[in-house]
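> below are the sequence and a predicted model for it; my questions follow.
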Amino acid sequence: CLAPKVAVVGAGVIGLSTALCIVETCPSCSVTVLSDQFSPNTTSDVAAGMLIPHTYPGTPIHVQKQWFKETFTYLFAISNSAEASEAGIHLVSGWQVFKSTPKEELPFWSDAVLGFRPMSEAELQKFPQYRFGQAFTTLKCDSPLYLLWLEKRLKATGVQMYKRKVSDLWELHSDYDIIVNCAGIGAQQLVGDEKLFPVRGQVLKVYAPWVKNFIRDGDGLTYIYPGINRVTLGGTREKESWSLSPDPGTTKDIFDRCCSLEPSLREAQDIKVKVGLRPSRQCVRLQREVLSQGGVKLLVVHNYGHGAGGFSVHRGTAKEAARLVGECIAALQGPSSGAKL
Ligand code: FAD
């Protein structure tokens with residue numbers, strides 16, 4: 001098996017970044033991306049793409065921190081290159097504010113972002129309803145720009161991309177040696193994962209170019225994230241809701257909450273509403289699996305379930321998935337591998 005054929009299912013930030021890491025770590029692989037939807041129609045297109053980790057209760061903190069650091073380091077280098085604007089990657093400074101002092105004054109990622117410090121009294125005066133705050137600089141991936149940049153990188157390395165809905169991973173058995181499942185919330189149907197559930201999020205993308213700093217309520221519900229062209233205003237977290245239609249009452253509520261944090265947003269223009277389903281789980285499913293049917297084996301690597309923090313850790317989890325693909329290749333090429341294992 002000199003040029004293993006790898007199919008990556010899914011073209012959100014996880015599928016595209018995983019495909020890229022596979023190409024980078026295994027240049028002899030032939031990689032194909034198969035996806036039901038591409039940008040601008042994925043959950044990843046709805047996200048603000050801020051690098052602020054969400055905590056996965058089922059994953060050790062040092063692992064999450066490692067994923068975040070790898071992602072930060074990778075994107076920081078892009079932000080310091082001439083590629084930055086095309087890739088949609090930029091630094092953004094701002095404030096996370098709390099109505100009362102949080103239990104954890106130093107989140108686990110505080111030394112992975114830049115310049116993390118408590119807010120000064122002068123800064124806190126901007127937020128009369130808040131008592132405590134943290135200032136830091138982080139990175140933001142503007143989607144769809146970042147997704148389009150990843151697609152372009154993939155095409156340049158010869159990766160094929162096809163629009164296709166996969167109903168069963170076994171459909172791919174005859175054409176590919178290894179299947180990488182990056183189907184996001186679609187994995188619930190695709191592999192019948194009952195631990196995966198949607199957390200609906202509605203956001204507004206508005207034109208307010210004077211807003212340069214991010215503002216986030218520490219409860220994670222209300223946030224203002226300025227991007228290259230638009231400011232994302234959020235948000236909602238509705239567990240088990242599958243509805244993709246915007247709710248007008250929610251739109252007004254989000255707008256009012258954000259205006260109370262940043263009153264100048266009353267002047268924002270061209271308000272667009274977006275909804276996405278976060279692929280949520282206790283922990284990211286990042287593992288190898290050998291499926292077997294009537295004595296035939298199918299090598300699978302799963303990389304899904306990134307919930308509210310896919311952008312924040314995507315490069316770290318993509319690297320790990322690529323490492324697992326490397327293990328599958330070793331198994332294929334091993335002395336006792338037989339035809340398919
Ligand atoms: P998706 O982007 O949903 O991609 C899944 C892909 O798989 C799609 O291309 C889909 O078409 C394809 N697919 C699914 N099933 C099949 C099938 N059967 N056959 C073929 N293809 C299939 N994260 C952050 O880190 N920072 C943020 O600021 C942030 N903000 C967010 C704001 C909102 C409102 C929401 C909803 C999410 C936010 N997130 C944020 C979370 C982030 O969006 C997700 O973690 C991330 O997009 C998940 O990426 P994914 O590639 O796994 O999923």
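Now that the structure is in, tell me what you want to look at. Numbers count the residues shown, from 1 in each chain.
> so what touches the host helix or strand of residue 117?
Of the helices and strands defined by DSSP states H and E, residue 117 is found in strand 114-118. Surrounding strand 114-118, the residues in contact under the criterion CB atoms under 8 Å, 6 or more residues apart in numbering are 91, 93, 105-106, 110, 132-138. For every residue, glycine as well, the C-beta is placed using N, CA and C.
> buried residues, it. List them.
Of the residues in strand 114-118, those buried by neighbour count under the rule 16 or more other CB atoms under 10 Å are residue 116.
> run me through the strand neighbours of that strand, direction for each.
When pairing is defined by DSSP bridges, strand 114-118 lines up against strand 132-141 (antiparallel).
> quick check: mean pLDDT across the strand it pairs with?
Here strand 132-141 scores 97 as its mean pLDDT.
> would it count as contacting the ligand?
No: judged by CB under 6 Å from any ligand atom, strand 132-141 stays clear of the ligand, getting no closer than 7.6 Å.
> distance from stretch 13-20 to the middle of the chain?
Mean-position distance between stretch 13-20 and its chain equals 10 Å (CA atoms, centre = their mean, to the nearest Å).
> list the contacts of that stretch.
For stretch 13-20, the surrounding residues in contact (CB under 8 Å, 6+ apart) are 8-9, 31, 33, 35, 44, 47, 49, 141, 143, 146-147, 150-151, 153-154, 157, 159, 180, 182-184, 303-304, 306, 310-311, 314-315, 317-318, 321-322.
> quick one: residues contacting the spatially most central residue of the chain.
Centrality entry for the chain: nearest residue to the mean C-alpha point is residue 310, 2.3 Å, by CA atoms, centre = their mean. Neighbouring residues of residue 310 by CB under 8 Å, 6+ apart: 12-14, 44, 47, 184, 278-279.
> and the residue of the stretch 51-200 of the chain found nearest the ligand, what's its pLDDT?
Each residue of the stretch 51-200 of the chain has a distance to the ligand, by CB to the nearest ligand atom, and the smallest belongs to residue 186, at 2.1 Å. Predicted confidence (pLDDT) at residue 186: the value is 98.
> that one: neighbouring residues, count only.
Summarising burial for residue 186: neighbours were counted as other CB atoms under 10 Å, giving 24.
> I figured it hits residue 36, correct?
Yes: counting by CB atoms under 8 Å, residue 36 is a contact partner of residue 186 at 6.7 Å.
> looks to me like the residue of the stretch 51-200 of the chain closest to the ligand is in a helix.
Yes: assessed with DSSP: H, G, I helix; E, B strand; the rest coil, residue 186 lies in a helix.
> residues contacting it?
When contacts are counted by CB under 8 Å, 6+ apart, residue 186 touches 10, 36.
> hang on, the earlier thing: now do the helix or strand following the strand holding residue 117, average pLDDT.
The C-terminal neighbour of strand 114-118 among helices and strands, as given by DSSP H and E, is helix 121-124. Helix 121-124 carries an average pLDDT of 96.
> what's helix 121-124 packed up against?
Based on contacts counted as 3 or more CB pairs under 8 Å, 6 or more residues apart in numbering; DSSP states H and E, the elements that helix 121-124 packs against are strand 132-141.
> now with 6 Å, please.
Helices and strands touching helix 121-124, as assessed by 3 or more CB pairs under 6 Å, 6 or more residues apart in numbering; DSSP states H and E, are absent.
> for that helix, buried residues please.
Neighbour-count burial for helix 121-124, counted by 16+ other CB under 10 Å, picks out residue 124.
> try stretch 123-138
Along stretch 123-138, these residues count as buried under the neighbour rule (16+ other CB under 10 Å): 124, 127, 130, 132-136, 138.
> show me which residues of the stretch 51-200 of the chain are close to the ligand?
Close to the ligand, as judged by CB under 6 Å from any ligand atom, the stretch 51-200 of the chain has residues 165-166, 182-186, 190.
> show me which of the residues you listed is closest to residue 197.
Distance from residue 197 was checked for each of these by CB to CB. The minimum falls on residue 185, at 8.3 Å.
> quick one on the thing from earlier: a helix runs through the residue nearest to the centre of the chain, doesn't it?
Yes: the assignment for residue 310, made by three-state DSSP, places it in a helix.
> count of neighbours near residue 175?
Burial of residue 175, expressed as a neighbour count using other CB under 10 Å, amounts to 11.
> for the closest residue to it other than its chain neighbours, give me phi and psi.
Spatially, and ignoring its direct neighbours in sequence, residue 175 is nearest to residue 5 (6.9 Å; CB to CB, 6 or more residues apart in numbering). According to degrees, to the nearest 10, the main-chain angles of residue 5 amount to phi -100, psi 120.
> can you give me the neighbour number for residue 242?
Residue 242 has 10 neighbours, counted by other CB under 10 Å.
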